[in-house]
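A.B. asks: Requesting a structural model of the entry that follows:
(chains A, B, C and D)
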There are 2 protein chains.
Amino acid sequence: MSKKHRMTKQKRIIMEILRGTTSHPTADWVYEQARKQIPDISLGTVYRNLNNLKEMGEIMELCYGSSFSRYDGNPENHYHFHCLECGRVLDLDMPINRDLEKQVEESSGHKVERHRLEFYGVCCECNKKKQKQE
Amino acid sequence: MSKKHRMTKQKRIIMEILRGTTSHPTADWVYEQARKQIPDISLGTVYRNLNNLKEMGEIMELCYGSSFSRYDGNPENHYHFHCLECGRVLDLDMPINRDLEKQVEESSGHKVERHRLEFYGVCCECNKKKQKQE
DNA sequence: TTTAAAATAGTAATGATAGCTATTAAACGT
DNA sequence: ACGTTTAATAGCTATCATTACTATTTTAAA
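C.D. replies: Numbers count the residues shown, from 1 in each chain, chains lettered A, B, ... in the order given. Next up is the predicted model:
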C-alpha cells in the first residue's frame, strides 16, 4: 500500500549535506550546496526530498519566526539555542527532560508525546566580543 | 528617534479580538472577525497592526510548522500544548521554569534571556473520544 | 483649529513552497 | 544482463501568506 522509496543521487547528496553541517540551513542553502555536485538539480527536487526525508524521520524541519524553514540533519529530539546577536542556531548538548512532560500530564490531563524547547540569548562568542568593546 | 504610535479604531479592535480569544488565531481569522466591526478594513492593515502590536510587546506571534503564523493575545511567556488529533493549541497553566535557563547557562556558557516550550500530544477531550470508540 | 506625520484602503509585488508534465532512471522480476 | 514498472527528476508555472506602494484620511500635539 505504501509508496516505495527510491534512493536517488539527488536524495543521497541532500542528506549528506544536511548530515555534514550543524548550521540548520535553509532549503536555499542546501540547493546552493547541492548544485556544486549536481549543477542542474532543481530547487523543486530539493524541497521534495527535504519533505520526503522529513516524513521518513531522517531529518527535522525547524520553523522559526522568519518566512522560511530551516532543516536539521539530526532527527533525534534535542534542544536549540538562538543567538540574538549573530543569529546562529546552536545545538545544545543536554538530555531531554521527560519530567516536563510528566508535569504537563499531571497538571493538565493531556497525553503528552513529545516536547520542543528553544532557548534565546547571547552566545559565548558574541558575549566575548561585547566584553572587549567595553 | 523612535516612531510614535497612534491608537486607531482598527488597532484597538484588532487588539480586542486577540485579547478576547484563547484560540491563537491566524491573521486571516482576525481579519474576518474585524470585518464584522469595520467591513472595509484592509487585510494589510491587520498585518501591519499585528506586527505593530508585536513590536510593542502587546501580543506574541507564534510560528509553527504550517505556512502561516498564529497570534497570541497574551504577551506573557507561557507554554503551549498542541493536540495532534484536533489541531488546537492550548495554553498551559504552568509556571515558567527558570531552572532550565540556568541549566543551559551552566552547561553551555551562553547567556540565556528566555525560552520557549511547546508540548505535543492528545488533549483530554480527544482522549475521551478515543476511549469511547474502543 | 491647524498641521505634521502616522495610519488607512486598495492594490500590486514578493518570495517561499507546492503543483504540473514530459522525460529519466531506480530497482525488481525474469 | 535486460526489459518493465513507476517513482523521481528538471524545468517550468501556480499558489498563497505576507509585505510594499500610494494617494487619501485620521490622529494627536502645538
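A.B. asks: Give the partner strands of the longest strand along chain A in its sheet and their orientations.
C.D. replies: When chain A is parsed with DSSP state E, its longest strand is strand A:111-122. Take DSSP bridges as the rule and strand A:111-122 pairs in its sheet with strand A:80-83 (parallel), strand B:111-122 (antiparallel).
A.B. asks: if you compare these, which one is most tucked away?
C.D. replies: strand A:80-83 (a mean of 21; mean count of other C-beta atoms under 10 Å in any protein chain shown). C-beta here means a position set from N, CA and C on the backbone, and glycine is covered the same way.
A.B. asks: pLDDT (mean, whole number) over whichever helix or strand comes after it?
C.D. replies: Per DSSP states H and E, the first helix or strand lying C-terminal to strand A:80-83 is strand A:89-91. Averaged over strand A:89-91, pLDDT sits at 95.
A.B. asks: for stretch A:107-125, same thing?
C.D. replies: Here the average pLDDT along stretch A:107-125 is 97.
A.B. asks: ok, A:Thr45 - contacts?
C.D. replies: A:Gln10 (C-beta atoms under 8 Å, 6 or more residues apart in numbering or on different chains).
A.B. asks: That one: helix or strand, and which one exactly?
C.D. replies: Counting by DSSP H and E, A:Thr45 is found in helix A:43-55.
A.B. asks: One more: A:Ser23?
C.D. replies: Per DSSP H and E, there is no helix or strand for A:Ser23.
A.B. asks: Contact partners for it?
C.D. replies: Contacts of A:Ser23 by C-beta under 8 Å, 6+ apart are A:29, A:88-89.
A.B. asks: can you pull the buried residues of the helix holding A:Thr45?
C.D. replies: Using 16 or more other C-beta atoms under 10 Å in any protein chain shown as the burial criterion, the residues of helix A:43-55 that qualify are A:45-46, A:49-50, A:52-54.
A.B. asks: And stretch A:82-91, by the same measure?
C.D. replies: A:82-83, A:89-90.
A.B. asks: confidence score at A:Tyr64?
C.D. replies: Taking A:Tyr64 on its own, its pLDDT is 88.
A.B. asks: and it, how many residues sit next to it?
C.D. replies: Neighbour count for A:Tyr64, taken as other C-beta atoms under 10 Å in any protein chain shown: 15.
A.B. asks: Show me which residues of chain A are close to DNA strand D?
C.D. replies: When proximity is defined as C-beta under 7 Å from any atom of the strand, chain A approaches DNA strand D at A:3-6, A:8, A:10-11, A:38, A:40-45, A:48-49, A:52, A:67.
A.B. asks: ok now the least confident helix or strand in chain A by mean pLDDT, how far from the chain's centre?
C.D. replies: For chain A, using mean pLDDT, DSSP states H and E, the weakest element among its helices and strands is helix A:124-133, scoring a mean of 92. On the basis of C-alpha atoms, centre = their mean, to the nearest Å, helix A:124-133 sits 26 Å off its chain's mean C-alpha point.
A.B. asks: for stretch A:45-56, same thing?
C.D. replies: 13 Å.
A.B. asks: Just the mean pLDDT for that stretch, thanks.
C.D. replies: Mean predicted confidence for stretch A:45-56 is 96.
A.B. asks: Do any residues in it lie close to DNA strand C?
C.D. replies: Yes - contact of stretch A:45-56 with DNA strand C (C-beta under 7 Å from any atom of the strand) involves A:47, A:51.
A.B. asks: The residue lying closest to A:His5 once chain neighbours are set aside: neighbour count?
C.D. replies: Of all residues not flanking A:His5 in the chain, A:Met56 sits nearest, at 6.9 Å (C-beta to C-beta, 6 or more residues apart in numbering or on different chains). Look at A:Met56: counted by other C-beta under 10 Å, it has 12 neighbours.
A.B. asks: measure A:Met56 to DNA strand C for me?
C.D. replies: Counting by C-beta to the nearest atom of the strand, to the nearest Å, the gap from A:Met56 to DNA strand C is 13 Å.
A.B. asks: swap in A:Leu43?
C.D. replies: 6 Å.
A.B. asks: do the same with A:Glu134
C.D. replies: From A:Glu134 to DNA strand C the distance is 33 Å (C-beta to the nearest atom of the strand).
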